[in-house]
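S.K.: curious how this folds, go ahead:
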Amino acid sequence: MWIGFDNYVRMFTNDPDFYQALKVTLIFTITSVPLQMIVALFLAVLLNEATRAVGFFRTAFYFPSVTSSVAITVLWLFLFSTNGVINAIIGWFGVNGPNWFNDPRGLVTLGLAGVGITTPPAALNDGSFLGVTWWEWLSGPSIAMFALILMAIFTTSGTFMLLFMASIQNIDPSLAEAAMMDGANGWQRFWRVTLPQLRPALFTVLTLGLIGCWQVFDQIYTGTQGAPGNTTLTPAYLSYQAGFQDQKWGNGAAIAFILFLIIIAFT
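M.R.: Next comes the predicted model:
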């Protein structure tokens, strides 16, 4: 008999933070994976057409992908600190930058507050899924998580770019030439000729992106450790915390097992 996903999760772990970690990671996945793919595809098309210094730019964009995630996380903490470079750039436009890695506010709720909507509707505040209210689900990534999303895009777009470039270069040039002879402009050639030929690469990049998002650990361990207010907590870090810090080996193993099932399902 169907008893609901919520109850299945409770059968394995009674850690309330696990629901928060699921919510954070799901929002992280929905937000970062499409952006990674768009940025990588844009770079691949741009560099495939470029003729000058293309080798330099390929290396420059790919370099973050082979750099230690710990080193990049430390760099990110420096750039996004209260007095860091990012806030200094934002300050040029007369805006006070946030305290990035210490601000638990959701981007969506922050935007709604800017137009005067500060009280959640009763239906969204009363209903819940996995122990998290619908209003919290719809609040979007926190400001701290948004900084981590930018880091994920920065570190993975280079690898995905190379996958897209390899696929683009395997497309028969005669297809684009035939479309050009038929009067198709650049956008039409990309949308109707190039993109359909990239379906295997798109599937590969999507799969790798989904798996990578649910495996995030290094950045959380080095940077935020789930703070502020568990808005950057991930199942991988929570499994480590339960098993190795709190000595709750059963909880840690259960969380890891559920995470394994989630990754298998996405794959």
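S.K.: what residue of the protein is the furthest out?
M.R.: residue 181 (40.0 Å; CA atoms, centre = their mean).
S.K.: my guess is residue 18 contacts residue 236, does it?
M.R.: No: counting by CB atoms under 8 Å, residue 18 does not reach residue 236; the two are 11.6 Å apart. All C-beta atoms are positioned from the backbone trio N, CA, C, and that covers glycine.
S.K.: okay, the two: which has more neighbours?
M.R.: residue 18 (25 against 20; other CB atoms under 10 Å).
S.K.: what pLDDT is listed against that one?
M.R.: pLDDT for residue 18: 86.
S.K.: same deal with residue 164?
M.R.: 95.
S.K.: ok but it is inside a strand, no?
M.R.: No: counting by DSSP: H, G, I helix; E, B strand; the rest coil, residue 164 is not found in a strand; it is helix.
S.K.: ok, back up a step: gap between the residue farthest from the centre of the chain and residue 173?
M.R.: Plainly put, residue 181 is 12 Å away from residue 173 if you go by CB to CB, to the nearest Å.
S.K.: and residue 87, by the same measure?
M.R.: Relative to residue 173, residue 87 is positioned 47 Å away (CB to CB).
S.K.: the stretch 51-200 of the chain: helices as residue ranges?
M.R.: Applying DSSP state H, counting those that start in this stretch to the stretch 51-200 of the chain gives helices spanning 54-66, 69-79, 85-91, 107-114, 122-126, 134-137, 143-169, 173-181, 186-189, 195-197, 199-214.
S.K.: quick check: residue 86 vs residue 199, distance?
M.R.: 36 Å.
S.K.: and these two? Which one has more around it.
M.R.: Under the neighbour definition other CB under 10 Å, residue 86 and residue 199 were set side by side, and residue 86 has more, 17 against 10.
S.K.: how about residue 99, phi and psi?
M.R.: phi -90, psi 80 (degrees, to the nearest 10).
S.K.: give the contact list for it.
M.R.: Applying CB atoms under 8 Å, 6 or more residues apart in numbering, we find residue 99 in contact with residue 82.
S.K.: got the confidence number for it?
M.R.: According to the prediction, residue 99 has pLDDT 90.
S.K.: any idea how far it lies from residue 42?
M.R.: Counting by CB to CB, the separation of residue 99 from residue 42 is 31 Å.
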